[in-house]
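Engineer: could you work out the structure for the sequence below:
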Amino acid sequence: MAPKQRTSSRPEAAAAPEFRLFAPWRFDYVKRSGAPKECIFCFGPLIEAERRKRLVVFDHRDAVVMLNRYPYTNGHLMVAPRRHVASPELLNRGERNLVGDLIAKSVEVMRPLTNASGFNLGANLGRSAGAGFADHLHWHVVPRYEGDANFMTVLASTRVLSQSLEDSFKSLRPLFKNAAADLS
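Structural biologist: Okay, the predicted model is just below:
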């Protein structure tokens with residue numbers, strides 16, 4: 001016997017999803033998406049509680065490394081200069097070198113911690129390129145895994161993350177704590 005077909009006076013109702021996956025933590029992001037944003041990369045010295053709240057795993061006078069609050073996948077980091085500039089040519093040589101070193105350090109730290117099989121590294125320059133904070137240049141360090149484009153992403157435009165941001169922070173913070181010595 002064939003499954004019973006739904007009937008409705010509204011054509012879009014026939015295509016309504018049978019299942020729903022709720023991700024209430026995303027509402028804060030969606031709610032603010034059209035609102036002016038305070039720059040997440042501009043802040044002064046941090047005490048440990050504020051560092052944890054902001055998900056900053058490493059900060060330096062000239063650059064910062066932090067977890068992405070709305071990650072593409074587990075361990076999604078962002079590396080940014082502390083100076084509020086929109087494009088790499090506006091950085092001085094020292095800032096460019098430090099950011100490059102922090103991107104490399106991020107991959108070095110993340111590879112054994114996450115067992116990632118690859119990484120996406122990149123910056124979105126300008127709002128039309130997808131930058132959420134177009135006025136403050138930052139690079140994304142995204143661990144990638146074989147098969148991470150699973151059915152949830154393909155069919156439901158939904159990401160499933162296997163670790164909380166708090167647990168990611170707890171794993172990463174100690175590994176970055178002594179990074180300043182490596183960068184000197």
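Engineer: C-alpha from now on. contacts and neighbour counts both.
Structural biologist: Fine.
Engineer: can you give me the helices for this structure?
Structural biologist: The residue ranges that make up the helices of the chain, judged by DSSP state H, are 27-32, 48-54, 93-114, 151-156, 165-177, 179-183.
Engineer: and these as CSV, adding mean pLDDT and distance to Leu121?
Structural biologist: Converted to CSV, the helices of the chain look like this (pLDDT from 0 to 100; distance: least, Cα to Cα, whole Å):
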stretch, mean pLDDT, distance to Leu121
helix 27-32, 60, 23
helix 48-54, 94, 21
helix 93-114, 95, 8
helix 151-156, 46, 20
helix 165-177, 85, 18
helix 179-183, 73, 19
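Engineer: may I see the ones you listed organised as JSON lines, with distance to Arg83 and mean neighbour count added?
Structural biologist: Shown next, in JSON lines, are those (distance: least, Cα to Cα, whole Å; neighbours: other Cα atoms under 10 Å):
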{"stretch": "helix 27-32", "distance to Arg83": "24", "mean neighbour count": "10"}
{"stretch": "helix 48-54", "distance to Arg83": "17", "mean neighbour count": "13"}
{"stretch": "helix 93-114", "distance to Arg83": "9", "mean neighbour count": "17"}
{"stretch": "helix 151-156", "distance to Arg83": "35", "mean neighbour count": "11"}
{"stretch": "helix 165-177", "distance to Arg83": "20", "mean neighbour count": "16"}
{"stretch": "helix 179-183", "distance to Arg83": "18", "mean neighbour count": "12"}
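Engineer: so which of the ones you listed comes closest to His60?
Structural biologist: Across the helices of the chain, the minimum distance to His60, taken as Cα to Cα, is reached by helix 179-183, at 7.5 Å.
Engineer: perfect, that will be all.
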